[in-house]
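structural data only, the sequence is not supplied:
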């Protein structure tokens, strides 16, 4: 009887372990299926930003919508499998303007967006030729050992390029 109880306990334990492992595997599969789809950025001057993202990061204008009544213009841009939504809003303010009003030195929200490229050196040369604002120099990332650099768009949003 004691042997039978031990055998039943062992079977139940193995079954529970397998179910737990399958659930964890399914959760990992769900997490791995998550792919970047798009970024949305509020900008001060939509035409300037369209030109900047086209000339410096290769995004192409897909479409543009304007609502004078609601006070916005939206430009949808694409580059390979990434979409970028630029939004010009009437009455919007920069992060530096908002921090002055609230007295805060830090604001919560988007800190930077990042891209990987196999053409890192070519990108850096193009950006320098286009007089893009660099936020520091090219450095080696201590975690990956790969080179990276941060640039700023016309509104001061940080964009990080990583060597792929």
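The structure has been received and is ready for your questions. Just so we're clear, the structure is a prediction, and the values are computed from it rather than from any experiment. Numbering: from 1, shown residues only.

any idea how far apart the tips of stretch 30-45 sit?
Start-to-end span of stretch 30-45 (Cα to Cα, to the nearest Å) is 38 Å.

ok, and what's touching that stretch?
By Cβ atoms under 8 Å, 6 or more residues apart in numbering, the residues outside stretch 30-45 that reach it are 49, 81-89, 92, 94, 110, 113, 153-155, 157. (Each C-beta comes from the backbone N, C-alpha and C, glycine too.)

swap in 6 Å and give it another go.
49, 83, 84, 85, 86, 87, 88, 89, 92, 113, 155, 157 (Cβ atoms under 6 Å, 6 or more residues apart in numbering).

what about the most centrally placed residue in the chain, helix or strand, and which?
Nearest to the mean C-alpha position of the chain, by Cα atoms, centre = their mean, lies residue 113 at 3.8 Å. Assigned by DSSP states H and E, residue 113 belongs to strand 112-117.

now residue 21
Assessed by DSSP H and E, residue 21 sits inside helix 2-32.

so for that helix, mean pLDDT?
The pLDDT scores in helix 2-32 average 65.

what's the ChimeraX line that selects buried ones from the contacts of stretch 30-45?
A single ChimeraX command selects the buried members of the contacts of stretch 30-45 (16 or more other Cβ atoms under 10 Å):
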select :49,83,84,86,88,155,157
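
which of the contacts of stretch 30-45 has the weakest pLDDT?
Among the contacts of stretch 30-45, residue 92 has the lowest pLDDT, at 82.

which SS state does that one fall under?
When classified by DSSP: H, G, I helix; E, B strand; the rest coil, residue 92 comes out as coil.
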